[in-house]
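[1] Predicted structure and sequence below. I'll ask about it afterward.
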Amino acid sequence: MSARVSQGLFITFEGGEGAGKSTQIRRLHARLEALSIKTHVTREPGGTPGAELIRALILDGKRPALDALTETLLFYAARANHLAELIRPALAKGDVVLCDRFSDSTRVYQGVLGAVPSVVVEQLEALVVAETKPDVTIILDIPPETGLARASARRGSHQADRFESETLEFHKNLRQGFLDLAERDSDRIIVIPALGNEVSIENEIWQKLASRFPLFQGHRA
């Protein structure tokens, strides 16, 4: 029988392109499942059939980019569906949710870099997310040159998506935006350097989580 957390646990992963978010989510998921802890892996934009349709529209690298406000509204439409159909029900059952990107990405990509006033982003955040905020956010920090090279190698012959196609300067600003968020919200956000090997990064994530949540304590990193 799977173990459950009394109120659920919402963990989000953030960072630039090629930082290794999906890899570390997969590794953390495997460790939690090995402990019989019910865990859901999801992503943004996406995570539900409706939100995945919006994801395809936003990230389509074959068409011109949407204006910043339209793009932001689409992100929050996808998030509203994702929260209603997956995240909130899972947390209500006491499960763990691991999400590849969430509101912090919107704040950085659209609020900091996309020319959408921060007040607009915060109003949408209050309307859509309300009290369903991450319990902890892990930012995997990597120099953009390294991250983009990783993303390109992973992508192979497939076309770069909407954000991977942006300039190096964009990605440098993106990295700084995440670090600025972490400085302002250090109680929630943990920054972990992502240049090490996968196992050492996995163990550091586990240790940081164990310092905050009883669920991770008593199990060796």
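    Nice, thanks for sending it over.
[2] Which residue, other than its chain neighbours, is closest to the residue most central in space within the chain?
    Nearest to the mean C-alpha position of the chain, by Cα atoms, centre = their mean, lies residue 101 at 1.7 Å. Excluding the flanking residues, the one nearest residue 101 by Cβ to Cβ, 6 or more residues apart in numbering is residue 44, at 4.5 Å. Glycine gets a C-beta too; all of them are placed from N, C-alpha and C.
[3] Relative to residue 71, how far out is the one you found?
    Distance from residue 44 to residue 71, counting by Cβ to Cβ, to the nearest Å: 13 Å.
[4] on contacts alone, who are the packing partners of the worst-scoring helix or strand of the chain on mean pLDDT?
    One helix or strand of the chain scores below all others by mean pLDDT, DSSP states H and E: helix 144-155, with a mean of 83. The contact analysis (3 or more Cβ pairs under 8 Å, 6 or more residues apart in numbering; DSSP states H and E) places helix 144-155 against helix 168-184.
[5] what comes up buried for the helix it packs on?
    For helix 168-184, burial by neighbour count (16 or more other Cβ atoms under 10 Å) applies to 171, 174-175, 177-178, 181-182.
[6] With pLDDT and distance to residue 91 added, can I get these in JSON lines?
    Putting the buried residues of helix 168-184 into JSON lines (pLDDT from 0 to 100; distance: Cβ to Cβ, whole Å) gives the following:
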{"residue": "171", "pLDDT": "90", "distance to residue 91": "32"}
{"residue": "174", "pLDDT": "92", "distance to residue 91": "28"}
{"residue": "175", "pLDDT": "95", "distance to residue 91": "30"}
{"residue": "177", "pLDDT": "93", "distance to residue 91": "27"}
{"residue": "178", "pLDDT": "96", "distance to residue 91": "24"}
{"residue": "181", "pLDDT": "95", "distance to residue 91": "22"}
{"residue": "182", "pLDDT": "97", "distance to residue 91": "23"}
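[7] SS state for residue 40?
    strand (DSSP: H, G, I helix; E, B strand; the rest coil).
[8] same deal with the one 5 residues further on?
    Following three-state DSSP, we place residue 45 in the coil state.
[9] what is residue 141 paired to in the beta sheet?
    residue 193 (DSSP bridges).
[10] could you measure it against residue 51, distance?
    Distance check for residue 141 against residue 51: by Cβ to Cβ, it reads 27 Å.
[11] Those two: which has the busier surroundings?
    Neighbour count, other Cβ atoms under 10 Å: between residue 141 and residue 51, residue 51 has more, with 25 against 19.
[12] Does that one touch residue 78 like I think?
    Yes. Counting by Cβ atoms under 8 Å, residue 78 is a contact partner of residue 51 at 4.0 Å.
[13] which residues do the two both contact?
    Counting by Cβ atoms under 8 Å, 6 or more residues apart in numbering, the residues touching both residue 51 and residue 78 are 44-45.
[14] re the thing from before, what about the residue nearest to residue 101, how many neighbours?
    21.
[15] isn't it right next to residue 102, touching?
    Yes. Under the criterion of Cβ under 8 Å, residue 44 makes contact with residue 102 at 5.6 Å.
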